[in-house]
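Peer 1: Would you be able to build a 3D model of this:
(4 chains)
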Protein chains: 2
Amino acid sequence: MAIRDTGTEQLIKDTAKRIFFSEGKFNATTQDIADAAGVARTVINYYFRSKDTLFQQVLKDAMDDMKLRLDEVLLSKLPFKKKIVKFIDVFSTELSEYPYKETFMISEINAHGFVMPEKEPSKALQFFFNEIQQAIDRGEIRKMLPVNFMLNLFSLIAYPLLTRPLFKQMLEITDIKFEQLMHERKKIIVDMLFT
Amino acid sequence: MAIRDTGTEQLIKDTAKRIFFSEGKFNATTQDIADAAGVARTVINYYFRSKDTLFQQVLKDAMDDMKLRLDEVLLSKLPFKKKIVKFIDVFSTELSEYPYKETFMISEINAHGFVMPEKEPSKALQFFFNEIQQAIDRGEIRKMLPVNFMLNLFSLIAYPLLTRPLFKQMLEITDIKFEQLMHERKKIIVDMLFT
DNA sequence: ATATTGTTTGACATTTAAGTCAGACAAATA
DNA sequence: TATTTGTCTGACTTAAATGTCAAACAATAT
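Peer 2: You can find the predicted model right below:
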């Protein structure tokens, strides 16, 4: 049963990713996804059996993707500060494209007790924590638990992108203005993280 | 038609708030809410006509609530740094109880183009931005757009609480350990925000 | 060319959630 | 006590989303 790659399966996954992770429409229906992909709704069942299976596949893909990209930075041989700058850049780009990925995962966890595939804390993360500790010992960054440094890093990058629709409304900000803010932030974040 | 206050209406609202904002179950059904509140599903229709009306009421209540609490801090006569410390405390408490409130609002915005009631940027916020600018001029905090200072403040407090389930899984952290992290953070956040 | 087989579709069935309504119940009032 | 009136419930209706299936379609192989 050699498969005949029409690209449809990937198209559906990409479309789902866009709707869930980029547009933040967490309860989009299979019809919504099919329409957006320009295919009949039932092809989703053909390729993925059920909506839930599609969910899980898309989620797994997205996680593997991100892990790959982040690990590449975290494990790179750059000096600590340069690595952080690079990380901010890569993570910002990632989040600009898929701002709601984490939120979606959290909503899945809360709704269905979804647990992540991999158990052991990733090697890359362990390695990164060590580097953070060393930077603390050198006095490059404030004294704190390495995990808190990581939380700061993630927070400063992710939160504004995550809450963009809210702030756009609250502050009546245009998209261009928002991009400017985000650009200014990159420098600020580095300044705040390092002493 | 004098109403006979049985507390049911408030009970339903409180339950909905808990399910949506505390437990992060964004697509809970009316049945879920009714069960959790220990009432028949149809009382929701009796008191709120439709599920959507309940949504909007709960959302409005929550927003008014938060605005009230935050404005009280922002408009208080405390010196800038003390005000920030107080803000961190109040906002942390608020978010510990309802970590998913903002996320829920954002998902509503993304799904149905929901727009917030009040148009003009709130007085309190304007006032706060002025204070931030003054603190910048005094050299208390780094030079940046006041809105970016606010984003930093919000990010550092909110993001960890928002993504708690993810980090708990990724890092295999217990609730107690997490609380400790959050406690350490309060000091760190102040340190990071001020030069 | 024709058969084979993977892919796609539309009609139908099933399931699940939201909303309606008549009547039961209980608290206030006459 | 009897009546009124607000509150609550369960059975029913309607609406919407998921899933199944037989048949049509199209690419590849014989």
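Peer 1: where along chain A do the helices fall?
Peer 2: Using DSSP state H, the helices of chain A run over A:8-17, A:30-37, A:42-48, A:51-74, A:80-97, A:101-112, A:123-137, A:146-162, A:164-171, A:175-193.
Peer 1: excluding its backbone neighbours, what's nearest A:A62?
Peer 2: Of all residues not flanking A:A62 in the chain, A:K101 sits nearest, at 5.5 Å (Cβ to Cβ, 6 or more residues apart in numbering or on different chains). Just so you know, the C-beta spots here come from the backbone N, C-alpha and C atoms, and that holds for glycine as well.
Peer 1: Up against DNA strand D, what does chain A have?
Peer 2: A:2, A:4, A:29-31, A:41-42, A:45, A:49-52 (Cβ under 7 Å from any atom of the strand).
Peer 1: coming back round to it: turn the helices of chain A into JSON lines, including distance to B:E184 and mean pLDDT.
Peer 2: Below are the helices of chain A laid out as JSON lines (distance: least, Cβ to Cβ, whole Å; pLDDT from 0 to 100):
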{"stretch": "helix A:8-17", "distance to B:E184": "36", "mean pLDDT": "97"}
{"stretch": "helix A:30-37", "distance to B:E184": "42", "mean pLDDT": "98"}
{"stretch": "helix A:42-48", "distance to B:E184": "43", "mean pLDDT": "97"}
{"stretch": "helix A:51-74", "distance to B:E184": "23", "mean pLDDT": "91"}
{"stretch": "helix A:80-97", "distance to B:E184": "20", "mean pLDDT": "96"}
{"stretch": "helix A:101-112", "distance to B:E184": "22", "mean pLDDT": "94"}
{"stretch": "helix A:123-137", "distance to B:E184": "13", "mean pLDDT": "95"}
{"stretch": "helix A:146-162", "distance to B:E184": "6", "mean pLDDT": "98"}
{"stretch": "helix A:164-171", "distance to B:E184": "27", "mean pLDDT": "90"}
{"stretch": "helix A:175-193", "distance to B:E184": "16", "mean pLDDT": "96"}
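Peer 1: For those, give me JSON lines that also has mean neighbour count.
Peer 2: Listed next are the helices of chain A as JSON lines, based on neighbours: other Cβ atoms under 10 Å in any protein chain shown:
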{"stretch": "helix A:8-17", "mean neighbour count": "19"}
{"stretch": "helix A:30-37", "mean neighbour count": "17"}
{"stretch": "helix A:42-48", "mean neighbour count": "16"}
{"stretch": "helix A:51-74", "mean neighbour count": "16"}
{"stretch": "helix A:80-97", "mean neighbour count": "16"}
{"stretch": "helix A:101-112", "mean neighbour count": "20"}
{"stretch": "helix A:123-137", "mean neighbour count": "16"}
{"stretch": "helix A:146-162", "mean neighbour count": "22"}
{"stretch": "helix A:164-171", "mean neighbour count": "17"}
{"stretch": "helix A:175-193", "mean neighbour count": "16"}
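Peer 1: Nearest to B:S92, out of those helices?
Peer 2: helix A:146-162 (13.0 Å; Cβ to Cβ).
Peer 1: Next, see if the closest one gets close to chain B.
Peer 2: Yes - with Cβ under 8 Å from any Cβ of the partner chain as the criterion, chain B is reached by helix A:146-162 at A:147-148, A:151-152, A:154-156, A:158-160, A:162.
Peer 1: next one: that helix to chain centre, how far?
Peer 2: In terms of Cα atoms, centre = their mean, to the nearest Å, the centre of helix A:146-162 is found 12 Å from the chain centre.
Peer 1: do the same with stretch A:43-54
Peer 2: Its chain's average C-alpha position is 24 Å from that of stretch A:43-54, according to Cα atoms, centre = their mean.
Peer 1: With chain B in mind, check whether that stretch reaches it.
Peer 2: No - figure legend: stretch A:43-54 not in contact with chain B (Cβ under 8 Å from any Cβ); closest approach 12.7 Å.
Peer 1: Is stretch A:180-195 in proximity to chain B?
Peer 2: Yes - using Cβ under 8 Å from any Cβ, we find that stretch A:180-195 touches chain B at A:181, A:184-185, A:188, A:191-193.
Peer 1: Just give me the closest of these to B:D14.
Peer 2: Nearest to B:D14 out of the residues of stretch A:180-195 next to chain B is A:L181 (Cβ to Cβ; 36.4 Å).
Peer 1: residues touching A:Q169, list them.
Peer 2: By Cβ atoms under 8 Å, 6 or more residues apart in numbering or on different chains, the contact list for A:Q169 reads B:109, B:115-116.
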